[in-house]
Each structure stands twice: as C-alpha cells, then as structure tokens.
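Chemist: What shape does this take:
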Amino acid sequence: MISLTEQDLQRFHNKYEPVTESGCWIWTACRAGTGYGTFRVNKHSYSAHRVSYMIHVGDVKQDMHVLHTCDVRECVNPSHLFLGTNLDNIKDAVKKGRKKHKPGFKRPTGLIYKPMSEAGRKAHRRYDDDKRKQVIKLVSSGLSQLETAKRTGMSQANVCRIMKEQK
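Modeler: Modelled structure (predicted):
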C-alpha cells in the first residue's frame, strides 16, 4: 500500500481533467512511454490509474492489475477501473481488439487475436517530426513544459513524453 499524505492527495487531484462526455478523468501530468499516467510519491513512480484505484477503492495486491473498462490509458476515474490478473488483462485486450497480432494468430489459451481497429490505431499515433522539433526547441530555449503545451496546442503530458524520448 502506498502511504499518501494530504499534500499527495491534493497533488493527485490537480493532475486530471474530467471529461463530461465520456466520464473519463484524463491524466494531464507526465505519462510513461506506454501512455499511462505516472505519479511520484516518496521518490517512487506509480501508475496514476493504480494510485487512483487505491485512493478511491482500496489496496491492490502486488500480482493484480488495474484494468480500464473505457480502454483510455490516461483515464484515472475509479468507476472506470477494475482489478484483474495478467490473464484477465490479456483476455480483455484480445476481446476488445487491442492486441497487435496477425488475424487468426492462436495463443496457447486458444484465444484468437483480432487486428486493431482504425480507432485504436488513431489513438496510438504520435506527433509528427515537425511538431516534435518545435516542442524540443521551445523547451530547450527555457520555456516550461506547460507553457510549451499551451503554445503548441498539446497536453503537458505529451510535451513531457517527447522530452523524455530525447534523453
């Protein structure tokens, strides 16, 4: 269990934006290369959706995963999160077409992977090289990631991701 102070809780709740249409709470702070939000506590980095589950629902055993019903990696809304094993996570990904395998590929479990949908591919696209260069130039000139995000029309988390990829 992560021990969170009142300051940690306040910091956490300032790092997402609720989206009325979907009900998702979109993480606006830094994200890992996988697209999942990250939250630092006592010099350790945790998945933001896992921390959200712990804050709002309860403890998560080490061998359990926190899964999304909405399939939005940036979402930290506890009503969109549920616990599952690694196998549950794989089955959920297969069922929803998120696995990147050739159609008809059979796993030992007998599950058949389907190709990723066009909507899924769009969700995983990154910014083009020109946009990346613009972000790197602005941050390198001393502009904050937040101000760079505002100027470029992207989220601070995506600016953070681009800068992390440069290291």
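Chemist: Does Ala149 touch Asn158 like I think?
Modeler: Yes - contact criterion C-beta atoms under 8 Å: Ala149 and Asn158 qualify, at 7.2 Å. (Glycine included, C-beta is placed from N, CA and C.)
Chemist: can you pull the buried residues of stretch 38-53?
Modeler: Neighbour counts over stretch 38-53 (16 or more other C-beta atoms under 10 Å) mark Thr38, Phe39, Tyr46, Ser47, Ala48, His49, Arg50, Val51, Ser52, Tyr53 as buried.
Chemist: Next up, the contacts around the first one.
Modeler: Put plainly, it is Thr38. Counting by C-beta atoms under 8 Å, 6 or more residues apart in numbering, Thr38 makes contact with Ala29, Cys30, Arg31, Ala32, Ser45, Tyr46, Ser47, Ala48.
Chemist: Need the residues you listed in TSV (columns: secondary structure and distance to Gln10).
Modeler: Output for the contacts of Thr38, formatted as TSV (DSSP: H, G, I helix; E, B strand; the rest coil; distance: C-beta to C-beta, whole Å):
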residue	secondary structure	distance to Gln10
Ala29	coil	13
Cys30	coil	17
Arg31	strand	20
Ala32	coil	23
Ser45	strand	19
Tyr46	strand	17
Ser47	strand	19
Ala48	helix	15
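Chemist: Looking at the buried residues of stretch 38-53, which one is closest to His68?
Modeler: Of all the buried residues of stretch 38-53, His49 has the smallest distance to His68: 6.9 Å, by C-beta to C-beta.
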